[in-house]
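# compute the structure for the input listed below.
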Amino acid sequence: MSSATHREQSTPAALYVAFELSRDVWWLTMSSGMSGRRRRVRVPPMRERVATVIATTRQQFGLAADAPVRSCYEAGRDGFWPHRLLTTLGVVNVVVDSSSIEVPRRARRAKTDRLDGEKLLQLLVRYWSGERDCWHVVRVPTPDLEAARHASRAFTTLTQERTRYRNRIHSLLALEGARLVLDRDFPVRLACATDWAGTPLRAEVQARLLETWRLLQAVETERTTRRAAERQHVRTGTSRRAAAARQLTRLKGLAARTATVLADELFSRELRNRRQVGALAGLVSAPYNSGTRRVDQGLMRSGIPAVRRLAVEVAWLWVHHQPMSALTHWYQAKFGGGGPGVRRAGIVALARRLMIALWRYVDQGVLPVGALLKA
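Got it, this is the predicted structure:
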């Protein structure tokens, strides 16, 4: 059997470029093929400098001025703007999932920017020689779709900040042996609060508590505004995401917040089959079948963490609000009679099936069997 890595002669002459990105500089590792000479250049992240280096390298490698340029970089903090920059230069770029890059299995391995660049370059040549499964390519969203997700993610960040400030206030009170309810009258009660010995709280402690309280109130105000805007968008929005979220909220047990996150993060990505839905939700198991050993290693956790957490929450809500659905009957028959551990494991399996069913409902209009709609 011939290997796909040896079909380079069937591809046109091209320049292959592997990018190592950092905040101030980009390292470019370049070659004309697997066995061609290498060139490694350090440039600032500027469009003109990158174009100049690519043009110069074409000449040095004896390539035509219109020879195709194929590049790659690992998905990370910089997001997708380097991809869009390279696209404007006529470069065919792929964004790579860094967790899918193969590494040696030795306990200790050398890791430097130069070695990483060489490895990326080798994989890039293999990818364009036909070995498309040597890594996983990230699907780049459109700028409009990427920008539209910020509203939902901002609400998630505000919720996390709200929890953080509330926990900080409770921790500061616990240091003094005091407890107070965090409602609108908190500052009034704080002035009269006492510590474990019945002594009024010191002025420095009260000052820090009030400072954290004011920050919490600012977060609460912004969070309330965001929630109202999100609900209004679900009710009256005209975009494809708003329509998907509105369709999901028709199901009993799904509110605007859940529907918005699923529509933005999962159902707006043009998924083609149920395997992609399960993988993106991070609800795919990792089997270990070797010889006579059969072990389920648990979830691969390769999807979007926010979607995975939400999917499990939605599965619990589905069991409570959709008792007559086929999915709930399946869960109760297989896991309902077990202990807490069995039910928790079963709810993850239900979450995967539920995400697939909701995807079919949004994408194809197929209502989950036995599901109830809101009045």
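
# can you tell me how far Ser268 is from Asp363?
When CB to CB, to the nearest Å is applied, the distance between Ser268 and Asp363 equals 11 Å. C-beta here means a position set from N, CA and C on the backbone, and glycine is covered the same way.

# typo on my end, it should be Ala55
Spatial separation of Ala55 from Asp363 under the definition CB to CB is 44 Å.

# neighbour count: Ser268 and Asp363, which is higher?
More neighbours sit around Ser268 than around the other of Ser268 and Asp363, counting by other CB atoms under 10 Å; the figures are 19 against 14.

# three-state assignment of that one?
Secondary structure, DSSP: H, G, I helix; E, B strand; the rest coil: Ser268 is coil.

# list the contacts of it.
The contact partners of Ser268, by CB atoms under 8 Å, 6 or more residues apart in numbering, come to Leu145, Arg240, Arg241, Ala244.

# phi, psi for the first one please.
I take that to be Leu145. For Leu145, the backbone dihedrals are phi -70, psi -40 (criterion: degrees, to the nearest 10).

# how many neighbours does it have?
Under the criterion other CB under 10 Å, the count of neighbours that Leu145 has is 15.

# could you do Leu327 as well?
Other residues near Leu327 number 20, with proximity taken as other CB under 10 Å.

# what does Val17 give?
That count, for Val17 with other CB under 10 Å as the rule, works out to 27.

# what distance do you get for it to Thr328?
The gap separating Val17 from Thr328 is 52 Å, by CB to CB.

# what about the strands in the stretch 151-300 of the chain?
285-290, 293-299 (DSSP state E, counting those that start in this stretch).

# report the mean per-residue pLDDT for the last one.
Rounded to a whole number, the mean pLDDT of strand 293-299 is 83.

# from the chain's centroid, how far away is that strand?
24 Å (CA atoms, centre = their mean, to the nearest Å).

# so that it lines up with my notes, have the first residue be 35 from now on.
Let's use 35 as the start, then, which means that last one is strand 327-333.

# contact partners of it?
Here strand 327-333 makes contact (CB under 8 Å, 6+ apart) with Gly316, Leu317, Val318, Ser319, Ala320, Pro321, Tyr322, Asn323, Arg342, Val382.

# residues of the next helix or strand after that strand that come out buried?
Stepping forward along the backbone from strand 327-333, the first helix or strand reached (DSSP states H and E) is helix 339-355. Within helix 339-355, the residues scored as buried using 16 or more other CB atoms under 10 Å are Ala340, Val341, Arg342, Leu344, Ala345, Val346, Val348, Ala349, Leu351, Trp352, Val353, His355.
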